[in-house]
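Novice: Quick one, structure for this:
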Amino acid sequence: MKTQVKLNRIPPEFKDERDIVGAGRLNQLLHLQLTILGSIAGGCSSASIFEELCRMIETIVPDSLASVMLLNKETGQLVLQAGPSFPREALPYFQTLVPGVDMGSCGNAAFSGEPVFVTNAPGDVRWNGLREAARRFNIGACWSMPILSDDKRVLGTFAITSFESCSPEPFHRRILETASHVAAITIKNQQREQRLLQWRTVFNDASEGMFVTSANGSILDANKAFTRITGYGLKEVRGKNPRMLRSERHDEDFYQAMWASINVTGKWQGEIWNRRKNGEVYPQWVSISRISNHHDESFNYVAVFSDISSLKESEHKLFQLAHHDPLTGLPNRLLMNARLEHIVAQAKRNPTGFALMFIDLDRFKNVNDSYGHALGDQLLIEVAERLRVKSREQDTIARIGGDEFVIILERLYSSEDAASLAEKFIETLDHPFRIDEKEIFITPSIGITLFPDDGTTPEVLLKNADIAMYRAKEQGRHGYSFYTSSMTAQVKERLSLETHLRRALQRNQFELYYQPQLVAKDSGIVGVEALLRWHHPELGMLLPGQFISILEETHLIQEVGEWALIEACRQVNEWDQEGLPRIRLAVNLSAKQMFPASVSQRLGTILQSHGLGHGRLELEITEHSLMEEDEGTTAMLDSLQDLGISLAIDDFGSGHSSLTRLKRLPVHCLKIDRTLVKDIATDSDDQAICQAVVALGHSLGMRVLAEGVETREQSDLLQSIACDEQQGFLHGRPVPARVLRQMLLQQQRQGPATAVP
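Specialist: Residues are numbered from 1 along each chain as shown. Model (predicted):
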């Protein structure tokens, strides 16, 4: 290459734009911008615009080479887009570059997002990766400006290369800024054109109907699917308001609510019934979006819709099959339950009474046995029809199986009203049925429950109505009976437990048992789990599963839970004072206790008063509780970690975990659920799951403990897959504090095991 003339220099200090670039040069910059912007407006390709830009720069800055490189999002490389004056033999060196601090001016500018001005390429460390190219082609200076998007992301670089070592003058910097700016505009315009092309393709070829309106609601454009679904061509609807498609099945309140949603949220979607060109009314699923400018002023609306006629028809057929008795056409058990749930919920919000009748036909089996099932089916059809005729418009009659019917009697306020209706149903069924020239007599037995006296849930109401129906049969059939028992044996037992629980803490009936946790099968105890026991005055020793749910429902769990924490910490402190091996204490934390104010603050006081340092207390929280995305729970867990309290996920593997949430939580231990450990020695799937849990825990820096270890085979397998700790009957059952103390004394005499610091 020939030696190039060194670029001119001008003084560094100027008062305004004309001082910086000079009048002639300013005109050159303006001409450059106008020319390139004109090419963009004229629809020229980005490749030709970049070529034109480079040639104009080379004209403005004599004896220079201009180039444009763009960043490939997929490969992360800079790719040369334009360099019209680059020697052909130099292209392989600059065709692609990996952004980096030593990959020349452009690679460095793309890496840093800042301008890079190299005045002596062969001797500059920023050209270490391209030093051979700099020397071979006599590159002296290279100034590169990053091309940035509106949000300051690097899109590429614009560079001016000289064969003379020199520094850029203010005019050259302004040229670089101008060139990178118009290059960014070119890229943005190219992306916009690509999006418009994609939108046009989607718009034209979509299977859903689409149309666009102006701000005042006039249709501007519609696609082929619009014509196929509505029957209207674009010429027929252009300039008209979409209300021409209305079916008049919706009132003005519907449309006002729809537009209120669009105006407030910018969108609405839902089901609308519209009318085709041929007059047919059909259902659509429509999504309407508002397109606004930077001032939040609407200038377009876009609607996307699909014809859901076939879907509605299929839904109707499926609903009929799934929710109605095929013989009588009455609602079946499924639909009856749904309606009953709705009525119960409604009655709870707006206190109203209703009744439930359970009707069973007396000796219906004799009809089937005597006359056959075909006649029996016809009898059921006629029974259903008579019940329908005698019921009120608001009542629901259902056949829930065989010869059993249920009637939900809404807005019924007294047992007298229910009895009156029951007598009407009995009377209408007393009249003989004439089927196939045979006279059939059938009588009903009816059980009645009233809301809310006899139950406040669908299950209880139905169960009690069934009980009342059987009482009617016991009383001689052909009649009705009200449910009169105030409670079942199960409810009595539960109420009794609740009553005793409320006094258990004051009467010192709770005790903590401790189950050892070991590192391996032959090692010493490194931790214990504190487990609650209740010495019931009548039933004896009760395990947590028999009363924890009642504690939670009655909110006694807060008080009992705090007692358990204090007692466990006190006991461990006592063992510490005796000089016994220092062990970790694990205590279960109920989901009902997970409130920052009532746990973390109080725990700090408890730990301090009993001298338990960092890592000595571990709280076990169920997998389900931890996986709930709740800001309060997360804040509480973070505060516990700040107190030096370890956190363990109890029963891991028995629920549903989000790995994304799991890695964000301050968890220190995973406890493999005992159901996975139970068959680990014989079930390869359980073994694989346990191995995966161990690997997961270790990859997240967590300790893994297996619960429910009962056999040597289980223990050996867990040890072989690197499970850190074990807990179960093989190593020790839950025992009172005095027994655990003896175990620690024995361990102390035998020598120290791996202990908690």
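
Novice: residues making contact with the strand or helix carrying Glu341?
Specialist: Using DSSP states H and E, Glu341 falls within helix 333-349. Residues from elsewhere that reach helix 333-349 (C-beta atoms under 8 Å, 6 or more residues apart in numbering): 322-324, 331, 352-354, 356, 396, 398, 400-401, 406, 408, 410, 451-452, 456-458, 461-462. All C-beta atoms are positioned from the backbone trio N, CA, C, and that covers glycine.

Novice: give me that answer again for 10 Å
Specialist: 319-320, 322-325, 330-331, 352-354, 356, 394, 396-401, 404-411, 451-452, 455-462 (C-beta atoms under 10 Å, 6 or more residues apart in numbering).

Novice: where are the low-confidence patches of the protein?
Specialist: For the chain, applying pLDDT under 70 flags the ranges 1-23, 485-492, 494-495, 520-522, 594-599, 624, 627-632, 655-658, 751-757.

Novice: Give me the longest helix you can find in it.
Specialist: helix 170-205 (DSSP state H).

Novice: What residues sit buried inside that one?
Specialist: 170-176, 178-187, 189-190, 203 (16 or more other C-beta atoms under 10 Å).

Novice: Check which element follows it along the chain.
Specialist: strand 209-214.

Novice: Taking helix 170-205 as reference, get the angle to that following strand.
Specialist: Here the directions of strand 209-214 and helix 170-205 differ by 130 degrees (axes from the mean of the first three to the mean of the last three C-alpha atoms, to 10 degrees).

Novice: and strand 209-214, which strands flank it?
Specialist: Strand pairing for strand 209-214, determined by DSSP bridges: strand 219-222 (antiparallel), strand 298-307 (antiparallel).

Novice: How about residues contacting that strand?
Specialist: Residues outside strand 209-214 that contact it (C-beta under 10 Å, 6+ apart): 202-204, 218-230, 232, 234, 237-242, 245, 284, 286-288, 291, 298-307.

Novice: What of stretch 226-241?
Specialist: In contact with stretch 226-241 (C-beta under 10 Å, 6+ apart) are residues 203, 206-211, 213-214, 216-224, 244-245, 274-280, 282, 284, 303-307, 309.

Novice: If any of those residues are buried, put those into a PyMOL selection.
Specialist: Buried residues among the contacts of stretch 226-241 (16+ other C-beta under 10 Å), as a PyMOL selection:
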select buried, resi 203+208+209+210+211+213+219+221+222+223+224+245+274+275+282+284+303+304+305+306+307
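
Novice: Now that we have the strands paired with strand 209-214, can you turn them into a markdown table and tack on distance to Glu313?
Specialist: As requested, these are exported to a markdown table (distance: least, C-beta to C-beta, whole Å):
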| stretch | distance to Glu313 |
| --- | --- |
| strand 219-222 | 26 |
| strand 298-307 | 11 |
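
Novice: Identify whichever of those lies nearest to Thr75.
Specialist: strand 298-307 (34.8 Å; C-beta to C-beta).

Novice: what element comes up after the closest one heading to the C-terminus?
Specialist: helix 309-323.

Novice: Give me the contacts around that next one.
Specialist: 229, 271, 273, 280-285, 308, 326, 329, 331-336, 338-339, 398.

Novice: mind running it again at 7 Å?
Specialist: 282-283, 331-332, 334-335 (C-beta atoms under 7 Å, 6 or more residues apart in numbering).

Novice: What of stretch 691-699?
Specialist: So stretch 691-699 is contacted by 652-653, 670, 672, 703-704, 721-723 (C-beta under 7 Å, 6+ apart).

Novice: Any chance of CSV for these, columns distance to Gly561 and neighbour count?
Specialist: Converted to CSV, those look like this (distance: C-beta to C-beta, whole Å; neighbours: other C-beta atoms under 10 Å):
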residue, distance to Gly561, neighbour count
Phe652, 21, 26
Gly653, 25, 20
Leu670, 22, 27
Ile672, 24, 29
Arg703, 24, 18
Val704, 26, 23
Ile721, 34, 17
Ala722, 34, 12
Cys723, 29, 27
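
Novice: and which of these is nearest His614?
Specialist: For these, the nearest to His614 is Arg703 (15.0 Å; C-beta to C-beta).

Novice: Pairing partners for that closest one in the sheet, please.
Specialist: Legend: beta-bridge partners of Arg703 under DSSP bridges are Cys669.

Novice: Surely it touches His668?
Specialist: Yes. Here Arg703 reaches His668: they are 6.2 Å apart, a contact under C-beta atoms under 7 Å.

Novice: can you give me the strands in the stretch 1-150 of the chain?
Specialist: With DSSP state E, counting those that start in this stretch as the criterion, the stretch 1-150 of the chain has strands at 65-71, 78-82, 96-97, 116-118, 141-148.

Novice: Next, format these as JSON lines and append mean neighbour count.
Specialist: Listed next are the strands of the stretch 1-150 of the chain as JSON lines, based on neighbours: other C-beta atoms under 10 Å:
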{"stretch": "strand 65-71", "mean neighbour count": "25"}
{"stretch": "strand 78-82", "mean neighbour count": "20"}
{"stretch": "strand 96-97", "mean neighbour count": "18"}
{"stretch": "strand 116-118", "mean neighbour count": "23"}
{"stretch": "strand 141-148", "mean neighbour count": "25"}
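
Novice: ok, Glu623 to Phe254 distance?
Specialist: Glu623 sits at a distance of 45 Å from Phe254 (criterion: C-beta to C-beta, to the nearest Å).

Novice: Check Val572 too.
Specialist: Counting by C-beta to C-beta, the gap from Val572 to Phe254 is 66 Å.

Novice: Looking at these two, which has the bigger crowd around it?
Specialist: Neighbours per residue, other C-beta atoms under 10 Å: of Val572 and Phe254, the larger number sits with Val572, 24 against 12.

Novice: so what's that one up against?
Specialist: For Val572, the contact set (C-beta under 7 Å, 6+ apart) comprises 585, 612.

Novice: Check which element follows the host helix or strand of it along the chain.
Specialist: Assigned by DSSP H and E, Val572 belongs to helix 557-577. Following helix 557-577 in sequence order, the next helix or strand is strand 584-588 (DSSP H and E).

Novice: Please enumerate residues in contact with that following strand?
Specialist: With contacts defined as C-beta under 7 Å, 6+ apart, strand 584-588 is touched by 526-530, 564-565, 568-569, 572, 616-620, 648, 650, 756.

Novice: May I have the beta-bridge partners of Val304?
Specialist: Beta-bridge pairing for Val304 (DSSP bridges): Met210, Ser287.

Novice: Ok, which of the strands of the stretch 1-150 of the chain comes nearest Ser370?
Specialist: For these, the distance to Ser370 is smallest for strand 65-71, at 88.1 Å, taking C-beta to C-beta.

Novice: could you check the angle strand 78-82 makes with the closest one?
Specialist: Using the same axes, to 10 degrees: strand 65-71 against strand 78-82 is 130 degrees.

Novice: got a list of contacts for strand 65-71?
Specialist: Contacts of strand 65-71 (C-beta under 7 Å, 6+ apart): 50, 53-54, 57-58, 78-83, 85-86, 97, 106, 110, 154-161, 183.

Novice: Mind doing that once more with 8 Å?
Specialist: With C-beta under 8 Å, 6+ apart as the test, strand 65-71 has contacts from 50, 53-55, 57-58, 77-86, 94, 97, 99, 106, 110, 147, 154-162, 179, 183, 187.

Novice: Sheet partners, orientation included, of that strand?
Specialist: Partners of strand 65-71 in its sheet, by DSSP bridges: strand 78-82 (antiparallel), strand 154-162 (antiparallel).

Novice: Please identify which of those strands is closest to Ser39.
Specialist: Among these, strand 78-82 comes nearest to Ser39, with 12.9 Å by C-beta to C-beta.

Novice: what does that closest one contact?
Specialist: Here strand 78-82 has contacts from 46-47, 50-51, 53-54, 66-72, 86, 91, 94-99, 106-107, 110, 156-157, using C-beta under 8 Å, 6+ apart.
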